[in-house]
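Novice: heads up, no residue letters with this:
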């Protein structure tokens, strides 16, 4: 989420050294420059530029739509309150889904360690980005096509962060006979019911396994990561998912913090070593 102003190369500039650091922690294989590719789709969410108007819309609390957007915002509020004593939990008055309660949620989240670095309009944009991916079929397919195009016959590991883990999961489910041996998800919202219940393929009743029997799936979550609200994905996707809780300090949801952890490096290395 929120990477619409970046691109493949600018993201790799941060991801590549962090990923190599994680591999180094466990003595993993070194990667050549061509061994890592970025499946980028953020520009699909970037508003079209106009004369003297470039960038994200100037969103406010009144722009948070009822239904999915307000539900997701409240889920983040409740998650942040559970791990951060600076965030007061929603009470009976604010549990109602109204524009005023959306304002209260945004005000509470602005005091949290997790969301304090985000401008209000960026936070609303992230809520809308999640809703658009799940509820706009054309955009959803376009994002999955971008990721699918980055997965070749020789691809052995897919590493996905945040909303990208939803895109990667659905892409792998749709790629029959792919050779990916390790799916590594970081800070994933896949366990959130409002996301899980809208997955493709539709869960019946558990989520589909995103590959063959040889695929290993490792899900890593920081205890304070409000986006990864559900840390243990096994009840929803089966006992084969390996769950790991990591400690990213004040950067609970940051992709590079996840990538430098040795447990991430071990999961990636395992997929590269698999035969």
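Specialist: That came in fine, so what should we check first? For clarity, every value in this text was computed on a predicted model and none was experimentally measured.
Novice: Quick one: end-to-end length of stretch 242-255, please.
Specialist: 19 Å (Cα to Cα, to the nearest Å).
Novice: Mind jotting down where the helices sit in the stretch 51-200 of the chain?
Specialist: Secondary structure of the stretch 51-200 of the chain (DSSP state H, counting those that start in this stretch): helices at 68-83, 99-109, 120-135, 137-149, 163-174, 193-196.
Novice: tell me the mean pLDDT over stretch 42-50?
Specialist: Stretch 42-50 carries an average pLDDT of 79.
Novice: just stretch 6-19 next, same as before
Specialist: 94.
Novice: Identify the residue spatially nearest to residue 24, adjacent ones excluded.
Specialist: residue 265 (7.0 Å; Cβ to Cβ, 6 or more residues apart in numbering). (Each C-beta comes from the backbone N, C-alpha and C, glycine too.)
Novice: gap between that neighbour and residue 163?
Specialist: 23 Å (Cβ to Cβ, to the nearest Å).
Novice: same check, this time on residue 86
Specialist: 26 Å.
Novice: More neighbours: the two, which one.
Specialist: Higher neighbour count among residue 86 and residue 163: residue 163, with 26 against 11, using other Cβ atoms under 10 Å.
Novice: So what's the predicted local confidence for that one?
Specialist: For residue 163, the predicted pLDDT is 95.
Novice: That one contacts residue 189, correct?
Specialist: Yes: counting by Cβ atoms under 8 Å, residue 163 does reach residue 189; the two are 6.9 Å apart.
Novice: Touching both of the two, which residues are there?
Specialist: Jointly contacting residue 163 and residue 189 under the rule Cβ atoms under 8 Å, 6 or more residues apart in numbering are residue 130.
Novice: can you give me the strands in the stretch 151-275 of the chain?
Specialist: 157-161, 182-186, 216-222, 242-246 (DSSP state E, counting those that start in this stretch).
Novice: For the protein, which residues score under the pLDDT cut-off?
Specialist: Filtered on pLDDT under 70, the chain yields the residue ranges 48-56, 92-99, 116-119, 274-275.
Novice: Swap in 80 and give it another go.
Specialist: The chain contains residues with pLDDT under 80 at 29, 33, 47-58, 91-100, 111, 113-122, 250, 274-275.
Novice: Can you check which helix is longest in it?
Specialist: helix 8-25 (DSSP state H).
Novice: residues in contact with that helix?
Specialist: Residues contacting helix 8-25 (Cβ under 8 Å, 6+ apart): 3, 28-31, 36-38, 40, 159, 255-257, 259-262, 264-266, 268-269.
Novice: Helices - which of the residues you listed land there?
Specialist: 255-257, 259, 262, 264-266, 268-269.
Novice: Number of residues surrounding residue 85?
Specialist: 7.
Novice: Starting from residue 220, give me the distance back to the residue nearest the centre of the chain.
Specialist: What sits nearest the mean C-alpha location of the chain, by Cα atoms, centre = their mean, is residue 162, with 0.9 Å. Residue 162 sits 12 Å away from residue 220, taking Cβ to Cβ as the criterion.
Novice: Check the burial of residue 134 by counting its neighbours.
Specialist: Counted with other Cβ under 10 Å, residues neighbouring residue 134 total 20.
Novice: Residue 175 too?
Specialist: Neighbours of residue 175 (other Cβ under 10 Å): 17.
Novice: Quick check, it in contact with residue 151.
Specialist: Yes: taking Cβ under 8 Å as the definition, residue 175 is a contact partner of residue 151 at 6.6 Å.
Novice: list the contacts for the residue nearest to residue 24?
Specialist: Counted by Cβ under 8 Å, 6+ apart, residue 265 has contacts 19, 21-26, 28.
Novice: Go again with 7 Å.
Specialist: 22-23, 25-26, 28 (Cβ atoms under 7 Å, 6 or more residues apart in numbering).
Novice: In CSV: those residues, plus distance to residue 214 and neighbour count.
Specialist: As requested, the contacts of residue 265 are exported to CSV (distance: Cβ to Cβ, whole Å; neighbours: other Cβ atoms under 10 Å):
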residue, distance to residue 214, neighbour count
22, 22, 25
23, 21, 22
25, 25, 16
26, 20, 16
28, 19, 20
